[in-house]
Structure formats: structure tokens, C-alpha cells
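**Q** coords please:
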Amino acid sequence: RRWCAALLALPGAVAVDLGRLCALTADALRRRPADGELKRLDLATGSGAAWACAVLSSTPGMYVVDIDPRESGGRQTVVAHVATGDRTRLERLLVRGRRR
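**A** All right, here's what the predicted structure looks like:
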């Protein structure tokens, strides 16, 4: 069920992130610093690490760079590079809690 919801949210997340990426590119051309940073994310229960990371990384605003091999409370933690502080609907579906 979560997989289907994520695939339905994917086109909107790509469109939103593409707009944000255009704004970041314009800022970089004006020599303003970018906001990108590495964050730890706890995947929601029922989100398989392999497919969730692939779907999250398919958007312009996020790229999963590492999966923590230890599970905490049945949840998998991943490290992702995120371009902005704003979360998409796709991220809210697949990630539990806040970025840290």
C-alpha cells in the first residue's frame, strides 16, 4: 500500500523539486550559498529500505548516500543529501519524524 502511494506521489515530488532546483541554480548564479546538507532520516514502518531509497533518490531534491545497517525499533535509518529544508509529500509518506 505504501509503495503505491509513493509512486502516485512521485510525479508531484519531482515537479516540486525541479522548481526548487531551478531556484537554487538561480541563487548560485547570483553567488548565494546553497542550503544542501546531509540529514539522517528514519524510514516509516513498512517502507523497504531498497525501494524507498530508490524512489527518494529519483527526485532532484534528495539523494540517499548511505543506509545505516542497524535498525532501531523496526525502522531503518538512512543518510541523504537534501537540497532544501522543505519536505515533499513523497518524503512525508516514506519518512517518519523529522530530518536530523
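
**Q** quick one, what contacts residue 59?
**A** By Cβ atoms under 8 Å, 6 or more residues apart in numbering, residue 59 lies in contact with 10, 13-14, 17, 88, 90. Yep, even glycine has a C-beta here, placed from its N, CA and C like the rest.

**Q** how close does it sit to residue 20?
**A** Applying Cβ to Cβ, to the nearest Å, the value for residue 59 to residue 20 is 10 Å.

**Q** picking up where we left off before, of the contacts of residue 59, which belong to helices?
**A** Using DSSP state H, the subset of the contacts of residue 59 located in helices is 10, 13-14, 17, 90.

**Q** farthest pair in the contacts of residue 59?
**A** Greatest spacing in the contacts of residue 59, by Cβ to Cβ: 10 and 17 (10.4 Å).

**Q** Could you check which of those two has the larger neighbour count?
**A** residue 17 (23 against 18; other Cβ atoms under 10 Å).

**Q** Is that one in contact with residue 62, as I believe?
**A** Yes. Look at residue 17 against residue 62 with Cβ atoms under 8 Å: they come within range, at 7.4 Å.
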